[in-house]
Every structure is written in C-alpha cells, then in structure tokens.
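Asker: Sequence first, then the predicted structure:
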Amino acid sequence: MRTPDNILSDALQTVGDRLPIVRQSLFRGLAAVVSLTALLAVPPATPAAEDTARPNIVVILADDMGYGDVQALNPDSKIPTPNLDRLASEGMTFTDAHTPSAVCTPTRYGLVTGRYCWRTRLKRGVLNGYGEPLIARDRVTVADFLKDQGYATGIVGKWHLGLGFAKKGDGSFDFSQPIDDGPHTHGFQFSHVIPASLDFPPYLFIRDGKPTEFPSLTQPAQKFPAFLRKGERSPDFVMEDVLDDLVAEATGFITRQAKQEQPFFLYFPLTAPHKPVLPHPRFRGTTDLGPYGDFVAQVDATVGGVLKAIDDAEIADDTLVIYTSDNGSFMYRYDNDRKDHVDDETVQGYRAEHHRANGPFRGTKADIWEAGHHVPFFVRWPGHVQPGSENDTTICLTDVFMTLADIISADDDVPADAAPDSHSFAALLTGQTPEQTRPPVIHHSVAGMFAIRDGKWKLVLGNGSGGRQQPRGKAFEKPYALFDMEADIAEQTNVIDRHPEVARRLEAACKELIENEPRR
C-alpha cells in the first residue's frame, strides 16, 4: 500500500517536473524581470552569517489546524499524522501554546512582528485578498531582523497581511504591475505567496513581488466543503494543486540554501486545512472522516515533504523546525446525534464520537474560548531539544521572534521598539528556567473580545465567545468569566464569584497591557 509520504514524494516529482513549463506561461512583461538569481538563491552571505553555530530555521504555520487533529496530541483521532507525530517524538511539545488571535490575519501579524495585532488599525476580523498592507513600512519583522543577522530569508505560502497592488485610474487593481508592499519589502529576500486565505480572491501566485501570471479567469463561488468566493484567478493557480506547488517551492528553497554557507530562515505558512476543503485527488478517501480528515492527512504529508528535504540535504542536525497553527479548527463539535461531516460532507462539524478537531477545548475557531487559540506547537532541534519532551508553560506565537533572537545570541540587537509583545522561551527548549517570568498572555477573538491568561487563571473580559459560538456576547460587558485552567481545561465552571480578587487583578493587568505598549 502506498503511504501518504510515498504519494507526496511522487507529487513533488511531478510538480518539480512541470515547474519550468508553468514558468514559461508567465504573462508578457514579467518574464524579463524574474532573474536567474532570484530563482536559484538569495543574495550572498554577510559576515555575520559565518557563525556556523547559528541553526537554519524553518517555521511551518498550518492554517486552521486544531489541537485534536494531531494524533500525538489526541490519541483518539483516526486521522493519520505520522510526520507531526515524528516532530513530537523527535522534539518538544508545548501543551499550552496559544495564538495571539483566534483568526488568521492578526495571528500572522503577531508571529511576524512579535506584536499584538490589536495595537494596529485592525481591531477585529481579518483582511481580504485585496486588503491594504497592515505592517507599517518601518516595523521590524522577524525576517528583517534575521536578514540583518546574516540569514538568507524566504517565505512560501499564505501571506494575508495586505499587499500593495497597483491601481488603475478608476481605482481597480492592475495585476500586470509589480506589487510595492508585501513580504519582499518586509525582509524576505525570496517570496512565493498567495495574497490571503485560499477562499479569498484574487487567486494568483506572487513571486518576489510580481504576479506569476495574469488572473484572466473567473473563479465561480462554491459551497462548503469546497468553499470559494467568486473572483479573478490565474490559469496557473489550480486549487487542488496549491499545496503541492507550495511544498515544491519550499523544498526547493531548502535544497538551494543548504548548499550555501549562510544559514537560512524559511517561513512556510500553509493554506490548509482552511477552506476550501479540497484535498488533492490522491488523498481523497484516505481517511474515514470525510474531506476534512483527508485534508488534514495531506497537511501532514506536506510537513513530511519539508522534513524529507531537510534530511536529503543532510542538514537536520543544523536545523531548528517549529510547527504550529494560526488558530483552532473551524469544525464544530456536536454532542448530540445530529448528522455530521462523516454522514454528509457538506456539514461543517463532527459528532464527538467521530472526531474532536479541537480536542477537549470549548468553542471553535474565532472564539475567545480555548478552541479558538490553543494550538499544536512542536519544536525540533537535534542536539539541543530533548526528543519526546513536553513543556506545559503558557507561550504565545508572538514569542517566536525573541526566541529566535535569543537562540542566535542576538537578543540585544533587537531594536527597543521592535517585538514588544515577544518573550523568549529559548531556555525552555534546553530544559532550563528563563531568567524572567513571562508577562500574562493576551487572547483576542475575531470580534475583539479580550481574555488574559496568567498561570492557571484565565479571565474573559466579556460575556460570551466573541466569535462563533452562542452566546457571542460583547467585549467588556459583564458578567465576566474566570476559569481555573488546571482544574477545568474545558471552561465549564465560572469561578469568578469565588475568586473576585483574582479577577480584579487580571482585569487591571489586561487593561495595563492594552493601554501601554511595552518597550525593551
């Protein structure tokens, strides 16, 4: 029987074989500006890169993968995830890792900048594919910082932080022109991205700030599970092939950079298992949990493709790999006998007996409840991180920036106004205790609901989910909810009346963090 990894290996070969053909179809006017240098390697190393003790860094960010989608975290799951399980067995599992937001754009902002997104103009919701750039021109990103430290920097995958599309005189977008703001202007020397989520137009690839092909087609709208919005699409952009195209680009970057002297940083934000739930035909029917289960299996195989590229390049011992997700799963959990995704693939949810995409947590993607932002988080770094280890310290994806700076002994080089909400957990990776206690973590829902987590306590500063689960409630309207997360991970019992002093302390701490942006 062919395994998912065998299937992906064949697919990578197929995609690799056809990439030159795809490139030949680039619309006129762009072929001349895509240089051979951009295709083969990023600019040469700076003197700082000669420090061979600095690891290569690969950060893989899944899109909407729940804590319970990974077998290593949810043994009851029937979805095979051998590659993610491998990361858990070969590295450290953080069992209390959180995204800074319960939806994608603000989480991506937080990861890339080390800053909570609610400090920007985006106070709720997400950008669409045509959204204006969210990262300020002078905001230092983790890619900016690592590039300055001598790293070759690359991004492959979903950007979703706004792009500077050119516009015509009538205000419409001119996709034949280069893009003046995007990952290529925020520290990424190589970039191959899509604008936003895979269900948002415009549907096209952007390579180093230039569309690879003009979006001359119209993609019709589709319903769940293959949910898509109507909009422009490029001929080289085929929904079911996008993951394959991206993993081919990501592994190509790894292979090229492994031959260079300088270390590299690859940010690989996936497009799945976010809607549209469109697993490639070779994965359809490989699980008994419908298209969503098949799609999660394909995500796992995609991670396997990255790990294989690292192994094949013989750089595993010199490479730090982080895997996590931008928020929880959008799949609802049903605790009754209603029809679910197994019975009917058009249903966006599972009965608990079939699958718990968000594990034991309350709620779903977008919520202030744990399911919205409590995510898988694995770190593999051979020779430094103990295989099969676990850590229950509360961390946030904003912490990745300062953790990487700490790992390469460059934390003192981070500008005073950069990464204000990032706190290194590098000491935890090697079994040590950080010198400073991390400030409380702030959670944020799609509608702008805040919560604060400090130790075992979580205070929700609102009277509902702030997302999709009823009641949605409103931010900063009482009654608030206080939970003891050690005793009640499912958030079933509000203990605010028993511990009013804890609630008052956390409310004051949350407001202090909201009103005053830290500096180093």
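Answerer: Done, it's in.

Asker: hey, let's count contacts and neighbours off CA atoms from now on
Answerer: Will do.

Asker: Just the CA atoms of the strand ranked longest in the chain, as PDB, please.
Answerer: Secondary structure of the chain read by DSSP state E shows that its longest strand is strand 264-273. Output in PDB follows, covering the C-alpha atoms of strand 264-273 (Å, rounded to 0.1, in the frame of the first residue of the first chain):
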ATOM      1  CA  PHE A 264      18.600  30.300   6.200                       C
ATOM      2  CA  PHE A 265      15.200  31.200   7.600                       C
ATOM      3  CA  LEU A 266      12.100  29.800   5.900                       C
ATOM      4  CA  TYR A 267       8.600  30.800   6.900                       C
ATOM      5  CA  PHE A 268       6.200  28.300   5.400                       C
ATOM      6  CA  PRO A 269       2.600  29.400   6.200                       C
ATOM      7  CA  LEU A 270       0.300  26.700   4.700                       C
ATOM      8  CA  THR A 271      -3.100  27.200   3.100                       C
ATOM      9  CA  ALA A 272      -4.700  24.200   4.800                       C
ATOM     10  CA  PRO A 273      -6.800  22.700   6.300                       C
END
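
Asker: Could I get the contacting residues of E90?
Answerer: R380, P382, Q386, P387, G388 (C-alpha atoms under 8 Å, 6 or more residues apart in numbering).

Asker: Just say helix, strand or coil for the third one.
Answerer: It refers to Q386. With DSSP: H, G, I helix; E, B strand; the rest coil as the basis, Q386 sits in coil.

Asker: quick one: it and Q189, what's the gap?
Answerer: 32 Å (C-alpha to C-alpha, to the nearest Å).

Asker: Which members of the contacts of E90 are classed as buried?
Answerer: R380, P382, Q386, P387 (16 or more other C-alpha atoms under 10 Å).

Asker: what's the closest non-adjacent residue to the first one?
Answerer: Nearest non-adjacent residue to R380, counting by C-alpha to C-alpha, 6 or more residues apart in numbering: G91, 4.1 Å away.

Asker: again, but for the second one
Answerer: Residue nearest to P382 in three dimensions, not counting chain neighbours: D317, with 5.2 Å by C-alpha to C-alpha, 6+ apart.

Asker: F224 and H274 touch, don't they?
Answerer: No - at 11.2 Å, F224 and H274 do not qualify as touching, with contact defined as C-alpha atoms under 8 Å.

Asker: So for those two, which sits in the more crowded spot?
Answerer: Neighbour count, other C-alpha atoms under 10 Å: between F224 and H274, H274 has more, with 22 against 14.

Asker: pLDDT score assigned to that one?
Answerer: For H274, the model assigns a pLDDT of 98.

Asker: cool, and the one 10 residues further on?
Answerer: pLDDT recorded at R284 is 98.

Asker: What of the one 4 residues further on?
Answerer: If you check D288, the pLDDT there is 96.

Asker: tell me the contacts of the closest residue to it other than its chain neighbours?
Answerer: Distance criterion C-alpha to C-alpha, 6+ apart; nearest residue to D288, sequence neighbours excluded, is V342 at 7.3 Å. By C-alpha under 8 Å, 6+ apart, the residues touching V342 are D288, L289, G290, Y350, H354.

Asker: can you tell me the helix or strand for V342?
Answerer: Per DSSP states H and E: V342 is located in neither a helix nor a strand.

Asker: From Y350, how far off is it?
Answerer: In terms of C-alpha to C-alpha, V342 sits 7 Å off from Y350.

Asker: Same question for A272.
Answerer: 18 Å.

Asker: Give me the more crowded residue out of the two.
Answerer: Neighbours per residue (other C-alpha under 10 Å) separate A272 from Y350, with A272 holding more: 27 against 23.

Asker: Do a quick rundown of the helices in the stretch 251-400 of the chain.
Answerer: In the stretch 251-400 of the chain, the helices defined using DSSP state H, counting those that start in this stretch lie at 290-312, 400-407.

Asker: For P439, which non-adjacent residue is closest in space?
Answerer: P439 sits nearest to D454 (C-alpha to C-alpha, 6+ apart), 7.6 Å away.

Asker: Need phi/psi at the one you found.
Answerer: In terms of degrees, to the nearest 10, the main-chain angles of D454 are phi -140, psi 110.

Asker: Give me the local confidence score for it.
Answerer: 98.

Asker: Tell me what it is bridged to.
Answerer: W457 (DSSP bridges).

Asker: packing partners for the helix or strand hosting A143?
Answerer: Secondary structure from DSSP H and E places A143 in helix 142-148. Helix 142-148 is packed against helix 104-113, strand 152-158, with contacts defined by 3 or more C-alpha pairs under 8 Å, 6 or more residues apart in numbering; DSSP states H and E.
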